[in-house]
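any chance you can model this:
(one chain, ligands or ions: 1)
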Amino acid sequence: MSNATLPDGVERRTFDGTERLATRGDPVYGEPTDGEWRAWSPNRSKLGAMFDLGMETGLEGGETVLYLGAASGTTVSHVADFAGPTYAVEFAARPARDLLEAAESRPRLFPLLKDARKPETYAHVVESNVDVLIQDVATRGQARVALENNRFLADDGRLLLAVKARSEDVTREPADVFEDVRAALEEGYEVLETRRLETYHADHLGIVAQPR
Ligand SMILES: C[S@@+](CC[C@H](N)C(=O)[O-])C[C@H]1O[C@@H](n2cnc3c(N)ncnc32)[C@H](O)[C@@H]1O
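Residues are numbered from 1 along each chain as shown. The predicted structure is shown next:
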């Protein structure tokens, strides 16, 4: 585990003799707990992997977050443990049921059953000038989704993006897909850091960017 800067509310703690990232909150996916702390598994979470691999996310804790591709709430529940208002967009009804459950004990977590390709459908709910846009949609057109949601980000905000190569094209080399996604992002973002998440997630790239 590297020495990346961690936000307030995220700590390295020992669970069963192993040091792991952890946040404080009710458990969501059967993760180990120690008192009020819950382990954050980088194997289950691309954002957890980005922290674990030492990427500088710029997160300090307490930020307003728009999270795209929340699924059943594994990662976004950890985010809501240390962030401020956290808007969690997921368009599949089934995982969204578990997401609602994760939100029950998290007053700052707001699940939205919406399509991230249609930001106009949640623009009336999500405040403008969010500090951080986190995206893990694993679907074709990942750069386009990030660009369309750029409108919510504050000028000095951050995009934390997990790109799954196979969601774009299963037949192409992941490195070529990543290059294309990165180039497409340039339309609205300046890329600050990229890192293959291979240790934990095959054929995924982590990207930290800021709006242009
Ligand atoms: C890899 S999973 C996300 C896992 C989750 N981020 C976590 O770490 O806990 C991708 C999710 O994105 C959702 N998704 C894909 N395209 C979407 C879209 N256009 N709008 C909203 N959700 C979408 C899928 O339904 C799926 O639940």
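
for the protein, just list every one of the helices.
Under the criterion DSSP state H, the chain carries helices at the ranges 46-52, 74-82, 93-104, 142-148, 165-168, 174-185.

so can I have JSON lines of these showing distance to the ligand, mean neighbour count and mean pLDDT?
Using the backbone N, CA and C atoms, a C-beta is placed for each residue, glycine as well. Shown next, in JSON lines, are those (distance: least, CB to the nearest ligand atom, whole Å; neighbours: other CB atoms under 10 Å; pLDDT from 0 to 100):
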{"stretch": "helix 46-52", "distance to the ligand": "6", "mean neighbour count": "25", "mean pLDDT": "97"}
{"stretch": "helix 74-82", "distance to the ligand": "3", "mean neighbour count": "27", "mean pLDDT": "98"}
{"stretch": "helix 93-104", "distance to the ligand": "5", "mean neighbour count": "16", "mean pLDDT": "98"}
{"stretch": "helix 142-148", "distance to the ligand": "6", "mean neighbour count": "21", "mean pLDDT": "98"}
{"stretch": "helix 165-168", "distance to the ligand": "9", "mean neighbour count": "18", "mean pLDDT": "98"}
{"stretch": "helix 174-185", "distance to the ligand": "15", "mean neighbour count": "17", "mean pLDDT": "98"}
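
in TSV: these, plus distance to residue 27.
Shown next, in TSV, are the helices of the chain (distance: least, CB to CB, whole Å):
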stretch	distance to residue 27
helix 46-52	15
helix 74-82	9
helix 93-104	10
helix 142-148	29
helix 165-168	29
helix 174-185	33
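
among the ones you listed, which is nearest residue 63?
helix 74-82 (8.9 Å; CB to CB).

the longest strand in the chain is where?
Ranked by residue count under DSSP state E, the longest strand found in the chain is strand 153-164.

which elements pack onto that one?
helix 46-52, strand 130-135, helix 142-148, helix 174-185, strand 204-211 (3 or more CB pairs under 8 Å, 6 or more residues apart in numbering; DSSP states H and E).

give me the contact list for the fourth one.
The reference is to helix 174-185. 142-144, 146-147, 159, 161, 163, 165-166, 168-169, 191, 194, 203, 205, 207, 209 (CB atoms under 8 Å, 6 or more residues apart in numbering).
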